[in-house]
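Novice: the following comprises the amino acid sequence and a computationally predicted model.
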Amino acid sequence: MTFAETPTLSHPLVTLEPLSQRHHDDLCEAAGALPETAWYTTVPGPDQMAKEIERRLSLQFEGTMAPWAVIGPADGRAVGMTTYMNLDERNRRLEIGSTWLGRRAQGTGINPAAKLLLLTRAFDELGCIAVEFRTHWHNHQSRAAIARLGAKQDGVLRNHQIWTDGTLRDTVVFSILDSEWPAVRLGLEARTAPRR
């Protein structure tokens, strides 16, 4: 088993399927329904979706990314994408990132359920000792969501990246360690449990 493999992962609130071009139309619809994205995020527009799917699949072929389509439970349609990236099998680390969800998937429990699936695979199946999350300094919504998962902030990589518009990105790095995983799992299981 390698970090770049993408088995189907299932939870009552979400299914993660290996990303393919067959998800293209659903993903275009999900991305097109988003409001104008903030300058500090990168969600592919419908005109860029096929290219973005191919980019992620090429990185998987090279062994540097594991891309999934995020499938909603109601109708089995793709509502977003997520990946394992920055794969470091030797040091048993990876990053969960390049994630986006369409508007109808936000606030539904899909995101914490997907993270529960991805973290369970990373720690329990792949034997990771740490899983990272990274986001733009100005993306306060993402930073809050990562903290709600139970990840702790490691620090800020200042002037980390030059974006296509020439602005500099400060990247906030979070992580969950294997020793923290049991408590994080309990929190995510509580968040995604059926309501009584």
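Specialist: Everything's here; your move. Note that the structure is a prediction, hence the values are computed from the model and not measured. Numbers count the residues shown, from 1 in each chain.
Novice: when you work out contacts or count neighbours from here on, use the C-alpha atoms and nothing else.
Specialist: OK.
Novice: show me where the chain has strands.
Specialist: 9-11, 14-18, 65-71, 78-88, 93-101, 130-136, 152-162, 168-177 (DSSP state E).
Novice: quick check: which ranges of this structure have low pLDDT?
Specialist: Scanning the chain for pLDDT under 70 picks out the ranges 1, 33, 35-39, 196.
Novice: residue 145 and residue 28, how far apart?
Specialist: 24 Å (Cα to Cα, to the nearest Å).
Novice: who's more crowded, the two?
Specialist: residue 28 (21 against 13; other Cα atoms under 10 Å).
Novice: for that one, give me its contacts.
Specialist: Contacts for residue 28 were tallied using Cα atoms under 8 Å, 6 or more residues apart in numbering; they are 45, 46, 49.
Novice: quick check: it vs residue 77, distance?
Specialist: Using Cα to Cα, we find residue 28 at a distance of 11 Å from residue 77.
Novice: now do residue 95
Specialist: From residue 95 to residue 77 the distance is 25 Å (Cα to Cα).
Novice: same deal with residue 148?
Specialist: Counting by Cα to Cα, the gap from residue 148 to residue 77 is 26 Å.
Novice: the more surrounded of those two?
Specialist: Neighbours were tallied for residue 148 and for residue 77 using other Cα under 10 Å; the higher tally belongs to residue 77 (17 against 14).
Novice: now the more buried one. Nearest residue, chain neighbours left out?
Specialist: Leaving aside its sequence neighbours, residue 77 sits nearest to residue 71 (Cα to Cα, 6 or more residues apart in numbering; 5.4 Å).
Novice: residue 79 is in contact with that neighbour, correct?
Specialist: Yes. Counting by Cα atoms under 8 Å, residue 79 is a contact partner of residue 71 at 5.8 Å.
Novice: ranking the strands of the chain by burial, who's on top?
Specialist: strand 65-71 (a mean of 27; mean count of other Cα atoms under 10 Å).
Novice: strand partners (parallel or antiparallel) of that strand?
Specialist: strand 14-18 (antiparallel), strand 78-88 (antiparallel) (DSSP bridges).
Novice: can you get me a residue count around residue 139?
Specialist: 15.
Novice: mind listing what it touches?
Specialist: Residue 139 neighbours (Cα under 8 Å, 6+ apart): 40, 41.
Novice: contact partners for residue 159?
Specialist: 168, 169, 170, 171.
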